[in-house]
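**Q** Mind folding the following:
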Amino acid sequence: MSFTIIEQATPRLHRSELAVPGSKPHLFEKAARSAADAVFLDCEDAVAPDDKEQARRNIVAALNDIDWGRKTVMVRINGLDTHYMYRDVIDIVEACPRLDMILIPKVGVAADVYAVDMLVTQIETAKRRSKRIGFEALIETALGMTNVEAIAQSSKRLESMSFGIADFAASTRARTTSIGGVHPDSAVLSDPDANDQRQVFWTDPWHSAQARMLVACRAYGLRPVDGPFGNFTDPDGFVSAARRAAVLGYEGKWVIHPSQIELANRVYTPSDAEVTQARRILEAMAQARQQGLGAVSLDGRLIDTVNIRMAESLIAKADTIALAPSPAGRAVG
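**A** Okay, the predicted model is just below:
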């Protein structure tokens, strides 16, 4: 390990992050009763300009009047390039002690996070708040991805980053047919076989960007969260996208419809077989240590200290999920 030790962000269960427009208060109670680990009430893209002020008032009322249990509750503020943002922060943070995190959209440079941090810190000091609000940075532009490593180090409040695939595609002028989906032109051809036939293998056009953000998150102790999959009538497509991100190391995924919550929770929950194998690894290494060994063979494979860290991380996540309270009810569309 490096001599430089990175402090890990506040631990939170973050398998599913449910987006709820602030202009639709009839959905708030359902979101609070859902099985989503985190909910963000949206002031930004999901709210029309004429509805911004009322959405803000709706969110303040919801944070103060609804029982959100132990769920992580977030608010996505408007962008720093709008005149809505400062009132989002002031009105909501001043009035809502229950708020856990702020989701900052379209973060392009580290100073964007610094600006919000300054404002939130002043409010917390003025209100004598002991609870520190956390931040999630939404990386959804070419500028943000270019500066993702600096953004990851921008504030002690920063806990997570999420990959905003739709705006990222627009920012890079990518050819895309769906939010979070793949594209038939993103493919490679095999060499011709003996019959001069070739196979087509689709590739993932978002892999490089997702991997870059993931590495920045893990390097600086943050939770990486994948963004939305737009077609909520395609559960198989959602699961496929979630699995690709999970394989990279993502902790969870946005959900834009209640039907996606259970899918995300399932994909990002370690399976019984994975947990069992992790416990076997720890047991095998404990026996190896008693024998003065630094590595040991298990099921024909060499395991050592790095396997211990992976196993301990997986078991810790499984234990956190096991302790999470069951939702009071299930959200419906």
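**Q** For the rest of this, base every contact and every neighbour count on C-alpha atoms.
**A** Fine.
**Q** Which stretches in the stretch 201-333 of the chain count as strands?
**A** Along the stretch 201-333 of the chain, the segments classed as strands by DSSP state E, counting those that start in this stretch run 223-226, 252-255, 296-298, 301-303.
**Q** quick one, helices of the chain?
**A** Along the chain, counting by DSSP state H, helices occupy 28-33, 52-65, 85-95, 110-126, 142-146, 148-152, 165-172, 207-219, 235-248, 261-267, 272-290, 305-323.
**Q** which one of the ones you listed lies closest to E7?
**A** Nearest to E7 among these is helix 207-219 (10.0 Å), distances taken as CA to CA.
**Q** Give me the contacts around that closest one.
**A** 6, 139, 145, 148-149, 152, 160-161, 163, 223-224, 226, 245, 248-250 (CA atoms under 8 Å, 6 or more residues apart in numbering).
**Q** still on that earlier bit, and the helices of the chain, which is most packed in?
**A** Of all the helices of the chain, helix 148-152 has the most neighbours on average by mean count of other CA atoms under 10 Å, namely a mean of 22.
**Q** picking that back up, Throw the helices of the chain into JSON lines and include distance to P192, thanks.
**A** Shown next, in JSON lines, are the helices of the chain (distance: least, CA to CA, whole Å):
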{"stretch": "helix 28-33", "distance to P192": "52"}
{"stretch": "helix 52-65", "distance to P192": "57"}
{"stretch": "helix 85-95", "distance to P192": "56"}
{"stretch": "helix 110-126", "distance to P192": "49"}
{"stretch": "helix 142-146", "distance to P192": "37"}
{"stretch": "helix 148-152", "distance to P192": "41"}
{"stretch": "helix 165-172", "distance to P192": "33"}
{"stretch": "helix 207-219", "distance to P192": "27"}
{"stretch": "helix 235-248", "distance to P192": "28"}
{"stretch": "helix 261-267", "distance to P192": "36"}
{"stretch": "helix 272-290", "distance to P192": "39"}
{"stretch": "helix 305-323", "distance to P192": "41"}
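**Q** Closest to Y268 out of the contacts of helix 207-219?
**A** Closest approach between those and Y268, by CA to CA: Y250, at 8.3 Å.
**Q** Below-threshold pLDDT in this structure: ranges please.
**A** Applying pLDDT under 70 to the chain flags the ranges 1, 177, 294-295, 305-306, 323-333.
**Q** Report the residue ranges of every domain in it.
**A** Per the record, the chain has its domains at 16-269, 270-333, by automatic domain parsing.
**Q** can you redo these as JSON lines with distance to S2?
**A** JSON lines is the format used below for these (distance: least, CA to CA, whole Å):
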{"stretch": "domain 16-269", "distance to S2": "11"}
{"stretch": "domain 270-333", "distance to S2": "14"}
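**Q** Identify whichever of the ones you listed lies nearest to T10.
**A** T10 lies closest to domain 16-269 among the domains of the chain, at 6.4 Å (CA to CA).
**Q** Need the distance between the two termini of the closest one.
**A** 10 Å (CA to CA, to the nearest Å).
**Q** ok, now stretch 98-111?
**A** For stretch 98-111, the end-to-end distance is 26 Å (CA to CA).
**Q** can you check stretch 137-155 too?
**A** Separation of the first and last residues of stretch 137-155 by CA to CA is 10 Å.
**Q** Looking at the contacts of helix 207-219, which is nearest R12?
**A** Distances from R12 to those, taken by CA to CA, are shortest for R223, at 8.8 Å.
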